[in-house]
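Enquirer: Sharing a model that was predicted from the sequence below.
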Amino acid sequence: MPKCYQSDESDDDCDRECSHSPVCNKHCKQQITKSCRKTVKLGKCGRDGKDGRDGCDGKDGKDGEDGKDGRNGRDGKDGKNGEHGRDGEDGRDGKDGKDGEDGRDGRDGEDGRNGCDGRDGRDGEDGRDGCDGEDGCDGRDGKDGRDGKDGDTGPKGCDGDTGPKGCDGDTGPKGCDGDTGPKGCDGDTGPKGCDGDTGPKGCDGDTGPKGCDGDTGPKGCDGDTGPKGPKGCDGDTGPTGEAGPTGPAGETGADGPTGPAGETGADGPTGPAGETGADGPTGPTGETGADGPTGPTGETGADGPTGPTGTGAIINFADFYGLMSGEPGKINDNPNAILPGEFVNFPSPIINTYGSIQRVVGSTSQFVLPPGGIYEITFQVTVSNAGELVLVLNGVELLYTVVGKPGSGIIVGISIISTPLSGDSIISIQNPLSAPPGGVKVDEATGALSEPLSCHLIIKQLK
């Protein structure tokens, strides 16, 4: 620990120096106090004495002020979700601990148990403020720092500079999970929900017992006159009354019905002919008569001009093929497996007689397409093992044309491609470069198959 010494300076200087000195140990304070109270002038300073032996460690000093927040600590394990409750008020700030990263907002849980005290660590950089947590337990007092080296002995025994900051201690172990906090207050009642659908009508209950007769109600209003009742029976005939006076003559009655017609009389003499009447309306058209005999064929007319080329017409096409037989001495255009990157052979015909689409001279597997065209490409190959085939245009595999089978069978591919505007293009059908070793085996006719199997490459130019 730094030590204080007496000097021959004035009391004012001594008081000033003592008031600015760092905290001294008890022995140092006694020396300074005693020195500062005397008013006598001290003698000159003697020569610097030898460095004294290190004093014993002083008693623990009072707790220092809270240090800066340490570096962010490791994330604690997620606590169990508490029941939903209202947000609690912000808790008081606990004493400095390691700032944890913001955890997910959990439901209010019960207060956790006090965590184990971690080992003292050095002050870290200011950490980010964590979420408000519960008040932490008071940590244990930190260990006393190591004594700084004794400073050079000066004329006055003031404290030396504070020693270098000690190394950071290891991070203490993670505290135990706290007990679950008390259940939060019930939240406010939510708004009334919408009325549910009316439930089905329940079964009719048993008829209850007949109730007592009620009091007679007041007389009601007179109802409407009811309908006329049925005619009563005829009463006995009364005595004949005296004849009344003769009434006035009645009106003439209506004519009676016409009597039956009399018999037809004899025909009278024929009268003179009347004038000719106007023509009546034309009658409906009669049915079409039978066709007459076919007339002689007329002379052939001159040819008309050639019409424009129709849309969608195939203007150029070709069919190249290969034949495969497994019988010794018979044709087999694809006797070996097609390895990755190798082409399928379609060697016939050597010259395409259907159009200008031809094979590369001397090649059995590559074909020339004119520039700036749109083509429909169809190929069919029978294989005896699993594999894939792809159309290659100018050395580039067109991956959207890949077709294959997981076992033996016929592989059929069909696609539309276009060629660049300048220069002829070359196409071929090959086993993809990414295919596994071993290759694709083109099937051949054997056993009950007497004629060679064929593979075809058909090219149609659409535009």
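Expert: Done, it's in. Numbering: from 1, shown residues only.

Enquirer: Only C-alpha atoms from now on, for both contacts and neighbour counts.
Expert: OK.

Enquirer: Would you tell me what the next helix or strand after the least confident helix or strand in the chain by mean pLDDT is?
Expert: The helix or strand of the chain with the poorest confidence is helix 26-37; it has a mean of 42 (mean pLDDT, DSSP states H and E). As assigned by DSSP states H and E, the chain's next helix or strand after helix 26-37 is strand 316-324.

Enquirer: And the following helix or strand past that next one, what does it pack against?
Expert: Next helix or strand after strand 316-324 toward the C-terminus (DSSP H and E): strand 358-359. Contacts defined by 3 or more C-alpha pairs under 8 Å, 6 or more residues apart in numbering; DSSP states H and E place strand 358-359 against strand 367-369.

Enquirer: 10 Å - rerun?
Expert: strand 316-324, strand 367-369, strand 425-430 (3 or more C-alpha pairs under 10 Å, 6 or more residues apart in numbering; DSSP states H and E).

Enquirer: now for the second one, which elements pack on it?
Expert: In terms of contacts (3+ C-alpha pairs under 10 Å, 6+ apart), strand 367-369 is packed against strand 358-359, strand 425-430, strand 453-461.

Enquirer: coming back round to it: can you redo the helices and strands packed on strand 358-359 as TSV, where the extra columns are mean pLDDT, mean neighbour count and distance to G283?
Expert: Below are those laid out as TSV (pLDDT from 0 to 100; neighbours: other C-alpha atoms under 10 Å; distance: least, C-alpha to C-alpha, whole Å):
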stretch	mean pLDDT	mean neighbour count	distance to G283
strand 316-324	96	20	63
strand 367-369	97	21	73
strand 425-430	97	21	77
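
Enquirer: Among those strands, which comes closest to L398?
Expert: strand 425-430 (10.3 Å; C-alpha to C-alpha).

Enquirer: per-domain residue ranges of the chain.
Expert: With domains defined by automatic domain parsing, the chain comprises 1-45+146-163, 316-461.

Enquirer: how close does C212 get to V402?
Expert: Separation of C212 from V402 (C-alpha to C-alpha, to the nearest Å): 94 Å.

Enquirer: And the two? Which one has more around it.
Expert: V402 (20 against 6; other C-alpha atoms under 10 Å).

Enquirer: Give me the spatial nearest neighbour of the more buried one, chain neighbours excluded.
Expert: V390 (4.5 Å; C-alpha to C-alpha, 6 or more residues apart in numbering).

Enquirer: is it true that that neighbour touches V403?
Expert: Yes. V390 is within contact range of V403, at 6.6 Å (criterion: C-alpha atoms under 10 Å).

Enquirer: so what sits against both of the two?
Expert: Counting by C-alpha atoms under 10 Å, 6 or more residues apart in numbering, the shared contacts of V390 and V403 are G413.

Enquirer: Neighbours of L457, how many?
Expert: Counted with other C-alpha under 10 Å, L457 comes out at 23.

Enquirer: how about it, what does it touch?
Expert: Contacts of L457 (C-alpha under 10 Å, 6+ apart): 318-322, 344-346, 365, 367, 377-381, 413-414, 428-429.

Enquirer: if we go to 8 Å?
Expert: When contacts are counted by C-alpha atoms under 8 Å, 6 or more residues apart in numbering, L457 touches D319, F320, Y321, F346, I377, T378, F379, Q380.

Enquirer: Now do the contacts for the fifth one.
Expert: For I377, the set of contacting residues under the criterion of C-alpha under 8 Å, 6+ apart consists of G413, I414, S415, I416, I417, L457, I458, I459, K460.

Enquirer: which SSE is it in?
Expert: Secondary structure from DSSP H and E places I377 in strand 374-383.

Enquirer: Let me know the next secondary structure element after that strand.
Expert: Next in line after strand 374-383, if elements are assigned by DSSP H and E, sits strand 387-393.

Enquirer: Quickly run through the sheet partners of that next one, with directions.
Expert: strand 396-397 (antiparallel), strand 403-405 (antiparallel), strand 425-430 (antiparallel) (DSSP bridges).

Enquirer: Turn those strands into JSON lines, including distance to T285.
Expert: Below are those laid out as JSON lines (distance: least, C-alpha to C-alpha, whole Å):
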{"stretch": "strand 396-397", "distance to T285": "75"}
{"stretch": "strand 403-405", "distance to T285": "69"}
{"stretch": "strand 425-430", "distance to T285": "71"}
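
Enquirer: Out of those strands, which is closest to K192?
Expert: Going by C-alpha to C-alpha, the one of these nearest K192 is strand 403-405, 62.1 Å.
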